[in-house]
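[1] what follows is a predicted structure for the sequence shown.
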Amino acid sequence: MAAPLNQSNNVCLQARDIGRKIRHSADLSVSDTDLVQYIDTLINLLSDQKYLSTDQNAQQAVVKLKNLKANKLAITTEDITNVIDDAIRQSIKSQGDIALQAVSTTRDEALVEIEDKKCKSLQLLKDIKSSLANVQTVTAESLDRIIAEKLSAIHNIKIVAENEKRELKSIGSSERALLQEELQKNRDRKQRSAGLPIIGYFRKRGLRKSIKKDLISFYEECYSYIPVAPLAEDHDALLTDFYVEPPLTSVDVQRKFRSRKQLSSKMPIHSYSDLFIRRDGKMYKHIYVTAKAGVGKTSFAKKVCKTWCQAHSPNKEIKHKFKKADLDAMKKFEFLFMISLRDVETSECDLESMITSSLLNCLKSHSRYSRLDIEDILNEKTCLLLLDGLDEWAHPTSCDKGCRDVHAIPHIPAREQCTVMTTIRPWKFEVVKLGTSQIDRHVEINELNDSASKELISNAVTVLNTQTQSN
């Protein structure tokens with residue numbers, strides 16, 4: 001080089017010191033006077049007559065430095081877009097690393113909040129990028145504002161990362177394995193820049209948590225009351241104040257030569273664990289509950305639904321109203337979908353359509369949910385499908401699946417983790433054409449015995465006196 005490098009304060013050492021000062025600046029700022037001095041030093045270095053005068057890249061840098069000094073530097077949209085794209089990639093990569101490091105201490109309640117904050121932070125960066133779509137050039141005067149917005153977005157992402165470390169407390173081994181698997185797949189496919197598996201995992205968890213919360217709210221509002229008497233349905237009471245559990249028995253059914261022979265033995269069912277779970281620990285798939293008119297099939301269905309709500313969203317004030325064994329059994333069902341078949345559209349005959357129109361559309365955040373979300377839950381989670389009143393529903397003859405039998409049951413796809421429990425009157429149960437494989441268990445609701453009848457009378461008197469006094 002033409003510059004005397006043997007001097008203690010040569011231009012190369014001056015340029016090196018400038019780099020150090022900028023990198024180690026506490027606030028990454030520089031005064032106007034120092035900036036002019038820095039630019040002059042860099043121009044002198046890049047203009048070396050012996051070594052850099054013919055270097056095209058060096059001379060282009062000199063031109064840009066002179067324009068920056070004169071406040072005439074034009075920074076293109078592409079320049080800033082590249083910087084922001086890099087920030088987005090680095091931010092998502094950092095989030096993936098944090099999730100992997102903290103996966104052993106995750107808490108379900110934090111996942112939705114974390115995902116929302118993360119998506120908002122990343123979206124802010126993307127919004128900055130999209131806002132430049134119609135900008136051709138950016139002057140040095142407006143560069144500070146753009147950089148400030150970008151740095152603010154990155155700062156928000158750092159806050160989210162700290163929140164993840166602080167809020168993620170406990171996660172089950174199965175959830176931990178799932179998240180680690182998603183992260184590992186993401187690495188194997190070398191798609192860190194997209195970050196889709198991680199974001200998709202948290203978004204799905206958040207959506208399912210919201211669906212469960214809305215289901216519980218809907219059931220609490222619509223299925224928490226029962227009529228005081230069958231002929232006075234407009235006069236109702238809280239289920240937990242009035243309902244008395246009737247005796248349940250399991251009826252063995254054997255088919256031989258197209259005839260159904262009911263064996264004399266009937267086994268009592270003492271808890272929901274007996275009702276839903278086999279001796280080998282597996283769930284029954286198809287349960288049919290029969291009872292005479294007025295015995296309480298719908299009330300029984302509502303009690304099952306109410307127990308599920310209590311199991312997944314406990315209310316301490318009514319905790320004593322439920323058996324621990326019943327609550328433990330209902331905890332095994334991550335979701336419960338109860339359909340009142342008397343209220344289903346007459347043209348519908350497949351389960352997913354019924355859930356979507358009669359249940360999903362009634363939830364408070366229904367616009368967020370779709371039939372595909374329900375299908376994913378049914379395919380991946382342990383679910384109880386409670387169909388109440390099959391005797392009050394007839395299969396449409398206009399079925400698009402070709403079924404013309406009005407006594408046929410709704411079309412329910414076979415799923416490994418789903419249990420279907422249907423309440424039905426005995427006469428309808430006899431005429432419905434079911435194969436042996438379609439009936440895992442036949443349960444009868446029996447009439448109340450003397451002690452249960454007295455308890456029901458006592459509950460009725462208490463409820464009526466309370467309502468009379470309140471009026």
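    Thanks, I have it. The structure presented is a predicted model; accordingly, all values stated were derived computationally and were not measured.

[2] and the pLDDT for the closest residue to residue 415 other than its chain neighbours?
    Ranked by Cβ to Cβ, 6 or more residues apart in numbering and with sequence neighbours excluded, the top spatial neighbour of residue 415 is residue 378, at 5.6 Å. Glycine gets a C-beta too; all of them are placed from N, C-alpha and C. At residue 378, the pLDDT value in this model is 94.

[3] give me the element residue 378 is part of.
    Using DSSP states H and E, residue 378 sits in helix 371-380.

[4] could you give the number of residues near the residue nearest to residue 392 when sequence neighbours are not counted?
    Excluding the flanking residues, the one nearest residue 392 by Cβ to Cβ, 6+ apart is residue 342, at 4.1 Å. When neighbours are counted by other Cβ atoms under 10 Å, residue 342 registers 12.

[5] doesn't residue 342 belong to a helix?
    Yes. Per DSSP: H, G, I helix; E, B strand; the rest coil, residue 342 lies within a helix segment.

[6] contact partners for it?
    388-389, 392-393 (Cβ atoms under 8 Å, 6 or more residues apart in numbering).

[7] okay, those in a markdown table with pLDDT and neighbour count next?
    Formatted as a markdown table, those follow (pLDDT from 0 to 100; neighbours: other Cβ atoms under 10 Å):
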| residue | pLDDT | neighbour count |
| --- | --- | --- |
| 388 | 94 | 26 |
| 389 | 92 | 20 |
| 392 | 89 | 16 |
| 393 | 89 | 24 |
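
[8] which pair of these spans the longest distance?
    Comparing every pair within the contacts of residue 342 by Cβ to Cβ identifies 388 and 393 as the most remote, at 9.7 Å.

[9] joint contacts of these two?
    Joint contacts of residue 388 and residue 393 (Cβ under 8 Å, 6+ apart) are 341-342.

[10] find the nearest non-adjacent residue to residue 304, please.
    Using Cβ to Cβ, 6+ apart and skipping the chain neighbours, the partner closest in space to residue 304 is residue 386 (6.3 Å).

[11] gap between the one you found and residue 298?
    Between residue 386 and residue 298 the distance is 11 Å, computed by Cβ to Cβ, to the nearest Å.

[12] more crowded one of these two?
    Per other Cβ under 10 Å, whichever of residue 386 and residue 298 has more neighbours is residue 386, with 25 against 17.

[13] count the residues that sit near residue 214.
    19.

[14] please tell me how far it sits from residue 364.
    Residue 214 is 6 Å from residue 364, by Cβ to Cβ.

[15] ok, residue 351 touching residue 413?
    Yes. The criterion here is Cβ atoms under 8 Å, and residue 351 meets it with residue 413 at 7.4 Å.

[16] can you say which helix or strand has residue 252 in it?
    Secondary-structure assignment from DSSP H and E places residue 252 in strand 248-256.

[17] so what touches stretch 307-314?
    212-213, 216, 219-220, 272, 318-319, 322, 326-328, 330-331, 333, 336, 384.

[18] among the residues you listed, name the buried ones.
    212, 216, 219, 272, 322, 326-327, 330, 333, 336, 384 (16 or more other Cβ atoms under 10 Å).

[19] run through the helices of the stretch 301-450 of the chain in chain order.
    All helices of the stretch 301-450 of the chain, identified by DSSP state H, counting those that start in this stretch, fall at 324-331, 351-358, 371-380, 426-431, 450-470.

[20] can you spell out which helices and strands pack onto the fourth one?
    Of the remaining helices and strands, those touching helix 426-431 by 3 or more Cβ pairs under 8 Å, 6 or more residues apart in numbering; DSSP states H and E are strand 286-290.

[21] quick one: buried residues of the strand it packs on?
    286-290.

[22] residues contacting the nearest residue to residue 411 once chain neighbours are set aside?
    Leaving aside its chain neighbours, residue 411 sits nearest to residue 350 (4.2 Å; criterion: Cβ to Cβ, 6+ apart). Counting by Cβ under 8 Å, 6+ apart, residue 350 touches 401, 410-412.

[23] same thing with residue 228?
    Residue 228 neighbours (Cβ under 8 Å, 6+ apart): 235-237, 242, 460, 463-464.

[24] repeat that with 10 Å
    For residue 228, the contact set (Cβ atoms under 10 Å, 6 or more residues apart in numbering) comprises 234-237, 242, 459-460, 463-464, 467.

[25] ok, residue 317 to residue 460 distance?
    Taken as Cβ to Cβ, the span from residue 317 to residue 460 is 21 Å.

[26] between these two, which has more neighbouring residues?
    Higher neighbour count among residue 317 and residue 460: residue 460, with 16 against 8, using other Cβ under 10 Å.

[27] pretty sure that one sits against residue 242.
    Yes. Between residue 460 and residue 242 there is a contact under Cβ atoms under 10 Å: 6.8 Å.

[28] which non-adjacent residue is nearest residue 4?
    Nearest to residue 4 is residue 10, by Cβ to Cβ, 6+ apart, at 6.0 Å.

[29] go on, residue 36?
    Here the residue nearest residue 36, using Cβ to Cβ, 6+ apart, is residue 69, at 6.4 Å.

[30] quick check: that neighbour touching residue 41?
    No. The criterion here is Cβ under 10 Å, and residue 69 misses it with residue 41 at 11.6 Å.

[31] about what we covered before: identify the contacts common to residue 351 and residue 413.
    Residues touching both residue 351 and residue 413 (Cβ under 10 Å, 6+ apart) are residue 378.

[32] more neighbours, those two?
    Using other Cβ under 10 Å as the criterion, residue 351 and residue 413 rank with residue 351 on top: 22 against 11.

[33] got the contact list for that one?
    337, 339, 374, 378, 385, 387, 409-413, 415, 418, 420.

[34] what's the local residue count around residue 18?
    Residue 18: 18 surrounding residues under other Cβ under 10 Å.

[35] coming back round to it: quick one: which of the buried ones among the contacts of stretch 307-314 is nearest to residue 432?
    Nearest to residue 432 among the buried ones among the contacts of stretch 307-314 is residue 384, at 20.4 Å by Cβ to Cβ.

[36] good, wrapping up.
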